[in-house]
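# what follows is a predicted structure for the sequence shown.
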Amino acid sequence: MIRFGLCCIFREAPIRFRRATAKHLLSKPPAERLTTLSAICRHNAEALHQALLFCQANGIGGFRINSQILPLKTHPEVGYAMADLPGGDEIVDQFRRCGRFSRRHHIRTSFHPDQFIVLNSPNPDVVHRSMADLAYQTEVARWVNADVINLHGGGAYGDKKAALRRLVRVIGKLPTAVRNRLSLENDDRVFTPADLLPVCRQAGVPLVYDVHHHRCLPDGRTVADVTGEALETWPREPLFHLSSPLHRNGGGPCGPHHDFIDPSDFPCEWRTLDLTVEIEAKAKEIAILRLMQTLPDDLKHRCA
DNA sequence: AGCGGTCAAGTTGAT
DNA sequence: ATCAACTTGACCGCT
């Protein structure tokens, strides 16, 4: 069975996550900062519960959690520990409730740290800050029962092979709780599936195959090839990515995502797999619900 | 109440 | 050398 994952936010359902800016917090006295952050974190824990309820009620089998669910958690000036927040224990409890709900209803959750988290940077400060952020996301992942923290390979710095060697080495040094959840995803500018699959095998982390990125940044392999090799990197249910481009510039760089998914972008090779497919479409839950309606018929005709 | 500029962080590639 | 694009809002200060 294919299950679809929703990425971070809703277009129409009235479920919103809050954030904070460091600049604003720094204009307040420290005690007030913590009160503000506490209110936001509490709100977000409740919003996550609502998000999971929505998914459960609508047959959506996965949900990607925004990295800013605990805003600015590892920021050098306004970063904090849960114990610093007023009512921090209750906030953690609420996240644990989300974890029990997702386990009971088989809703898979994941994280996708943003572009500032780079494990293979030649700058050790960048790597250390990245590892700290991964530790934070892992902490939340344990509460909420998320089994995937998905990352891009990072930069090439003019020497892809050396960059990939650094990546293997740094992954090897990660705490087990982080590495057990870590996955790597092919991107649209630097690292293809062919680049990352050896890293995945050496470092013992799975590949999140993004077929749209692969079409923009090809590596000579077919969708069928990469699908098969990526599946072998997963000791549990695999997780792949699907999106449709707003503009069809065949072979050019990946542009912005479309509002919806063109069902014909769904690879026939995935049809019969047990697989989580995270849907990157700007219409969010509307796009998933539409795809769930149109895909079965489309597959029947296109992939016979 | 509504508007628009701004928001921690990195890297690449276009200008 | 500088700067937008990644993804995309939400927030905050101002009117």
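Great, that's in hand.

# apart from its neighbours in sequence, what residue is nearest the residue nearest in space to the middle of chain A?
Centroid-nearest residue in chain A: residue A:112, 2.8 Å away (criterion: Cα atoms, centre = their mean). In space, and not counting its chain neighbours, residue A:112 is closest to residue A:150: 5.0 Å by Cβ to Cβ, 6 or more residues apart in numbering. Where C-beta positions appear, they are placed from N, C-alpha and C, glycine not excepted.

# in the sheet, who's paired with the one you found?
When bridges are called by DSSP bridges, residue A:150 pairs up with residue A:183.

# that one touches residue A:209, doesn't it?
No: judged on Cβ atoms under 8 Å, residue A:150 makes no contact with residue A:209 at a distance of 11.0 Å.

# so residue A:272, which of the three states?
Secondary structure, DSSP: H, G, I helix; E, B strand; the rest coil: residue A:272 is coil.

# report pLDDT for it.
Among the per-residue scores, residue A:272 holds a pLDDT of 96.

# and the gap between the residue in the stretch 101-250 of chain A positioned nearest to DNA strand B and residue A:124?
Per Cβ to the nearest atom of the strand, residue A:155 is where the stretch 101-250 of chain A lies closest to DNA strand B, at 2.4 Å. Using Cβ to Cβ, to the nearest Å, one obtains 14 Å as the distance from residue A:155 to residue A:124.

# repeat that for residue A:246.
Relative to residue A:124, and taking Cβ to Cβ, residue A:246 is found at 38 Å.

# the more surrounded of those two?
Taking other Cβ atoms under 10 Å, residue A:246 and residue A:124 do not tie; residue A:246 has more neighbours (12 against 8).

# so who does the more buried one touch?
When contacts are counted by Cβ atoms under 8 Å, 6 or more residues apart in numbering, residue A:246 touches A:255-258.

# residue A:39: which of these is nearest?
Closest approach to residue A:39 among those (Cβ to Cβ): residue A:257, at 31.9 Å.

# residue A:150 and residue A:209: who's more crowded?
Neighbour comparison, residue A:150 and residue A:209: the larger count goes to residue A:209, with 30 against 22 (by other Cβ under 10 Å).

# spatially nearest residue to that one (excluding sequence neighbours)?
Distance criterion Cβ to Cβ, 6+ apart; nearest residue to residue A:209, sequence neighbours excluded, is residue A:230 at 4.2 Å.

# surely that neighbour and residue A:207 touch.
Yes: counting by Cβ under 8 Å, residue A:230 touches residue A:207, with 4.4 Å between them.

# for DNA strand C, what is the nearest residue in chain A?
Closest approach between chain A and DNA strand C, counting by Cβ to the nearest atom of the strand: residue A:18, at 2.9 Å.

# what's the spacing between that residue and residue A:65?
Counting by Cβ to Cβ, the separation of residue A:18 from residue A:65 is 14 Å.

# in terms of neighbours, single out the busier of the two.
Neighbours per residue (other Cβ under 10 Å) separate residue A:18 from residue A:65, with residue A:65 holding more: 25 against 15.

# quickly list what's touching both of residue A:150 and residue A:209.
residue A:185.

# please, which helix or strand holds residue A:248?
Assigned by DSSP states H and E, residue A:248 belongs to neither a helix nor a strand.

# quickly note the distance from it to residue A:278.
Between residue A:248 and residue A:278 the computed distance is 22 Å (Cβ to Cβ).

# more neighbours: these two, which one.
Neighbours were counted for residue A:248 and for residue A:278 using other Cβ under 10 Å; residue A:278 has more, 27 against 10.

# state whether the more buried one is indeed within a strand.
Yes: checked against three-state DSSP, residue A:278 lies within a strand.

# what sits against it?
Residues near residue A:278 by Cβ under 8 Å, 6+ apart: A:4-7, A:62, A:64, A:110, A:239-242.
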